[in-house]
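> Here is the input, now give the coordinates:
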Amino acid sequence: MQKRFLVLLTVTLTLGLLQPIATAAPKPGTACKKAGLTSTSAGIKYTCVKSGKKLVWDKGVAVKKPAPVPSANPSPSITPTPSPAQKEESFTPWATSFTQKQVSDEAQKKFREWALAQPDKSGLHKFISQPDTPGKRTRNFKKVDELDVKLFGQFFTKQSTTVLGSNEKWVVDQLNANDGKYKQCDSNSGNQGLNYCLDQGASQGYVITSDQDYQASNPGGDGSALLSHEYFHIVQRALLGSNIGIPTRSDANGSKDSFPVWFVEGTANFVGFSVAALALDATYWEGRPTMFQYAPRTPDTNRNTLEDYEIRNGPGNNSPTYPYIAGQLASEYLVASVGFQKMLDIWLDFKNTKSFEKSFENAVGISKDAFYLKFEAARGNLGLPPVTWKLVCLTNTLISELPKTTPPCNYNNNNNASNPGEPTSPIRVITGDIVATGSLQARATWNVTGHESYRLYVTDVVDFQKVYFETGYVNDSRNPLVIDIKGLVCKKEFRTMTEFFTEKNGKGEILVMPSFQLRD
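Next up is the predicted model:
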């Protein structure tokens with residue numbers, strides 16, 4: 001080690017001695033020693049001259065640079081050619097082989113091109129905010145709301161209203177003062193400190209009791225995308241010219257002409273995350289991996305064909321299947337292939353045909369069944385797992401356990417899906433809080449009614465398969481419900497999922513409450 005240091009020091013000193021010694025430029029008028037002495041510095045030649053009885057430096061003259069002498073054998077000048085950047089291939093409409101980023105980027109490109117071309121017709125909208133509403137959420141919600149109205153205000157013939165407040169009664173009063181019909185505003189989608197409400201009119205309300213900023217990598221955390229999702233349900237009704245809600249499929253036969261639930265909720269999911277990203281200077285792709293984790297952690301999640309996500313026949317978001325993720329990916333694939341306007345045209349054309357399948361083919365150019373075939377061929381590249389479950393009547397069943405004969409389906413329509421976005425579950429979550437209570441411990445406190453059992457589990461915020469804590473199914477209908485959490489690790493952010501069930505032992509309808517509140 002010492003020998004290497006000595007060699008390095010010797011080389012350094014030698015190189016230092018070989019450098020030309022720079023001299024300070026003479027200052028005109030200062031004394032010099034010998035007449036006729038010259039000194040050149042920075043392209044100026046100074047001469048020592050006699051001034052009176054003194055020898056001083058003159059003001060100097062510029063030195064002309066000699067013209068370069070051409071070489072007898074000039075070497076060619078070589079300009080390095082930059083290697084072409086690796087550019088990801090673009091998505092081909094209706095392709096079945098592509099990367100997730102290709103289809104996502106193409107869908108966003110077409111959405112943003114459409115957004116850029118829209119006229120600003122936001123005059124019929126009213127945004128109302130209570131003065132003491134937490135600031136970050138208020139700021140972000142207002143930006144998202146403004147962009148929503150700029151893009152979709154053109155489809156409204158009457159006023160739409162968004163109300164933000166920190167007090168539920170104040171929010172309800174403001175909504176009702178603007179043609180709303182509300183008794184409460186206490187629905188929750190898993191966002192801490194944020195409840196919401198909307199009716200079959202053109203208004204929505206948000207009760208904000210704690211603050212949280214938008215994060216591009218967790219785009220559902222603060223609720224900005226939720227606001228746009230629910231607003232698009234209002235847009236859907238406006239596109240239909242409907243005052244009674246959205247006709248949504250509730251069985252396999254009688255409601256065949258109605259809208260499939262995957263399309264109603266999937267397009268709202270796609271628009272919600274797309275508008276929030278655009279309004280808040282983010283990209284959809286940044287949050288895409290996390291978007292698709294906002295789902296129940298059940299064995300059948302996202303493992304049915306798209307056709308099995310057509311029906312909603314009962315309370316809750318997964319009655320009988322959970323349509324949001326498959327629907328969002330189907331919407332991505334649709335927009336990437338034919339553009340955002342054609343997706344809207346399906347809604348607009350329905351006023352004439354009163355048939356989703358006819359309007360789909362009129363707007364998109366292929367039949368719904370043909371679309372399903374293309375989607376299933378592409379599902380793995382979209383990011384969906386293989387199909388291992390099948391909906392039999394209203395019961396989701398493992399394909400390996402399908403009965404040899406299927407009994408006739410008795411659809412008891414307990415559907416409230418004509419008003420998507422309005423919660424229909426008998427389970428009501430009023431408030432929820434998940435906080436650290438000590439070293440590697442935490443506590444979840446839920447103000448919840450209508451449940452008979454629950455399950456809570458804590459996972460890594462990125463790798464949802466890494467489970468740090470799980471209660472299993474617990475039969476407990478108490479309110480408030482307090483759950484102690486143990487076995488956490490230091491310096492981690494966590495995802496907490498609480499599932500409430502209407503029946504004991506984790507059976508019946510389920511309401512899922514995701515939370516990213518808990519940190520190391």
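> Let me see the contact set for V335.
Residues near V335 by CB atoms under 8 Å, 6 or more residues apart in numbering: A107, K110, F111, F270, M343. Yep, even glycine has a C-beta here, placed from its N, CA and C like the rest.
> ok, the fourth one - how many residues close by?
Other residues near F270 come to 27 when the count uses other CB atoms under 10 Å.
> and what of the second one?
As a burial measure, K110 scores 20 neighbours (other CB under 10 Å).
> Quick check: it vs Y284, distance?
12 Å (CB to CB, to the nearest Å).
> The third one too?
When distance is defined by CB to CB, F111 is 8 Å away from Y284.
> same check, this time on the last one
Distance from M343 to Y284, counting by CB to CB: 15 Å.
> same thing with A107?
Taking CB to CB, one finds A107 at 8 Å from Y284.
> just V163 next, same as before
Per CB to CB, V163 is found 27 Å from Y284.
> Between those two, which has more neighbouring residues?
Legend: neighbour count by other CB under 10 Å for V163 and Y284, higher for V163 (28 against 23).
> The chain: helices as residue ranges?
2-18, 100-116, 135-152, 168-176, 224-240, 261-279, 284-291, 324-338, 340-353, 356-364, 368-382 (DSSP state H).
> can you put these in JSON lines and add mean pLDDT and distance to N479?
Converted to JSON lines, the helices of the chain look like this (pLDDT from 0 to 100; distance: least, CB to CB, whole Å):
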{"stretch": "helix 2-18", "mean pLDDT": "38", "distance to N479": "73"}
{"stretch": "helix 100-116", "mean pLDDT": "97", "distance to N479": "41"}
{"stretch": "helix 135-152", "mean pLDDT": "96", "distance to N479": "27"}
{"stretch": "helix 168-176", "mean pLDDT": "97", "distance to N479": "18"}
{"stretch": "helix 224-240", "mean pLDDT": "95", "distance to N479": "24"}
{"stretch": "helix 261-279", "mean pLDDT": "97", "distance to N479": "29"}
{"stretch": "helix 284-291", "mean pLDDT": "95", "distance to N479": "30"}
{"stretch": "helix 324-338", "mean pLDDT": "98", "distance to N479": "27"}
{"stretch": "helix 340-353", "mean pLDDT": "96", "distance to N479": "40"}
{"stretch": "helix 356-364", "mean pLDDT": "97", "distance to N479": "40"}
{"stretch": "helix 368-382", "mean pLDDT": "97", "distance to N479": "40"}
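> Looking at the ones you listed, which is nearest to E499?
helix 324-338 (15.6 Å; CB to CB).
> which residue packs closest to E357, ignoring adjacent ones?
Spatially, and ignoring its direct neighbours in sequence, E357 is nearest to K368 (4.9 Å; CB to CB, 6 or more residues apart in numbering).
> Quick check, that neighbour in contact with K358.
No: the pair K368 and K358 does not pass the contact test of CB atoms under 8 Å, sitting 9.3 Å apart.
> separation between the residue nearest to E499 when sequence neighbours are not counted and L440?
In space, and not counting its chain neighbours, E499 is closest to R455: 4.7 Å by CB to CB, 6+ apart. Plainly put, R455 is 21 Å away from L440 if you go by CB to CB.
> which one of those two has more residues nearby?
Neighbour count, other CB under 10 Å: between R455 and L440, R455 has more, with 19 against 16.
> Without its sequence neighbours, what residue ends up closest to P134?
Nearest one to P134, counting by CB to CB, 6+ apart, is D211 at 3.6 Å.
> That neighbour: neighbouring residues, count only.
15.
> now it: how far from F340?
32 Å.
> With G201 instead?
25 Å.
> do the same with G432
35 Å.
> higher neighbour count, those two?
Taking other CB under 10 Å, G432 and F340 do not tie; F340 has more neighbours (25 against 22).
> and the residue nearest to P134, what is it in contact with?
Contacts of D211 (CB under 8 Å, 6+ apart): P134, G135, K136, R137, G193.
> Of these, which is the most crowded?
Neighbour tally across the contacts of D211 (other CB under 10 Å): the maximum, 25 neighbours, falls on R137.
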